[in-house]
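In: Sequence and predicted structure below; questions after.
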Amino acid sequence: MSADAMIDVSNAFKKRLETALVTSTVPGTVFVGPLDDADSSGAALILFLYRIIPNPSLRNREHSVPSSTPPPPVVVFRNSLPLDLYFLVTVGTLPGSSEETLLKALGYAIQEMQADPVLSIKNQIVHVTLEPLSAEETSRIWALFPTANYRTSIAYLATPVWIDPQSEPPIAAAVVDDRLLAGPRRGEATI
């Protein structure tokens, strides 16, 4: 993926949550951004990217990407950064909606993501799994938004999200002779 990988994953996740809202018949939208943003006031669900960390098990590995326009059929990146993205999905503050209605929307969102926990983005697969949050971690996240009242929230992990280099450096020719040659070469004058 490119430098836009995080926004691409956020948008794909948002579309899946919007599908869940349509299925649930709960009116409203999905807002992507901070929980205390003024623009989130009409949303039924809020999607907030709260943590980004390098994926420790995939670091220093090649990233192979199927090409949509061969040749070559597969592009290999050797200096990509694999990331784990942590999202918070929170019930919104949809005017005129009860807590019960918003919890219904959240339930349908969980059902949607559990039924198909894969996001396909630009020929690549990102797995999305429910991530347990301790009360302490939930408190730390909500402490970032002192003006927002706590609302029911769940967390998801999206992985791997690859940030590929803009272009791969050319591959150097393989070493075919590892002998160490010392002394003058034939035909060279010595001083």
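Out: Here it is on my side, so go on.
In: quick one, helices of this protein?
Out: Under the criterion DSSP state H, the chain contains helices at 5-24, 99-115, 135-143.
In: can I get those in a markdown table with mean pLDDT and distance to residue 41?
Out: (Glycine included, C-beta is placed from N, CA and C.) Shown next, in a markdown table, are the helices of the chain (pLDDT from 0 to 100; distance: least, C-beta to C-beta, whole Å):
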| stretch | mean pLDDT | distance to residue 41 |
| --- | --- | --- |
| helix 5-24 | 96 | 16 |
| helix 99-115 | 95 | 13 |
| helix 135-143 | 94 | 18 |
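In: Any chance of a markdown table for those helices, columns distance to residue 91 and mean neighbour count?
Out: Formatted as a markdown table, these follow (distance: least, C-beta to C-beta, whole Å; neighbours: other C-beta atoms under 10 Å):
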| stretch | distance to residue 91 | mean neighbour count |
| --- | --- | --- |
| helix 5-24 | 12 | 18 |
| helix 99-115 | 4 | 17 |
| helix 135-143 | 13 | 12 |
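In: Figure out which of these is closest to residue 92.
Out: Smallest distance to residue 92 across these (C-beta to C-beta): 6.6 Å, for helix 99-115.
In: Which neighbouring elements make contact with that closest one?
Out: helix 5-24, strand 43-54, strand 81-91, strand 124-131, strand 153-163 (3 or more C-beta pairs under 8 Å, 6 or more residues apart in numbering; DSSP states H and E).
In: Just send these back as a markdown table, with distance to residue 177 too.
Out: A markdown table is the format used below for the helices and strands packed on helix 99-115 (distance: least, C-beta to C-beta, whole Å):
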| stretch | distance to residue 177 |
| --- | --- |
| helix 5-24 | 41 |
| strand 43-54 | 38 |
| strand 81-91 | 35 |
| strand 124-131 | 39 |
| strand 153-163 | 36 |
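In: wait, which of those is closest to residue 107?
Out: Closest among these, using C-beta to C-beta: helix 5-24, at 7.6 Å.
In: what about residue 28, distance to residue 18?
Out: Applying C-beta to C-beta, to the nearest Å, the value for residue 28 to residue 18 is 10 Å.
In: ok so, going back, for residue 180, find the nearest of the helices of the chain.
Out: helix 5-24 (44.5 Å).
In: Could the C-alpha coordinates of that closest one be exported in CSV?
Out: Provided in CSV are the C-alpha atoms of helix 5-24 (Å, rounded to 0.1, in the frame of the first residue of the first chain):
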residue,chain,number,x,y,z
ALA,A,5,-2.9,3.1,3.5
MET,A,6,-4.2,4.3,6.9
ILE,A,7,-6.9,6.5,5.2
ASP,A,8,-7.8,3.6,2.8
VAL,A,9,-8.3,1.2,5.7
SER,A,10,-10.3,3.8,7.6
ASN,A,11,-12.6,4.4,4.6
ALA,A,12,-13.1,0.7,4.0
PHE,A,13,-13.9,0.1,7.6
LYS,A,14,-16.3,3.1,7.5
LYS,A,15,-18.1,1.5,4.5
ARG,A,16,-18.6,-1.7,6.4
LEU,A,17,-20.0,0.1,9.3
GLU,A,18,-22.4,2.0,7.0
THR,A,19,-23.6,-1.3,5.6
ALA,A,20,-24.3,-2.4,9.2
LEU,A,21,-26.3,0.7,9.8
VAL,A,22,-28.4,0.1,6.7
THR,A,23,-29.1,-3.5,7.8
SER,A,24,-30.0,-2.3,11.3
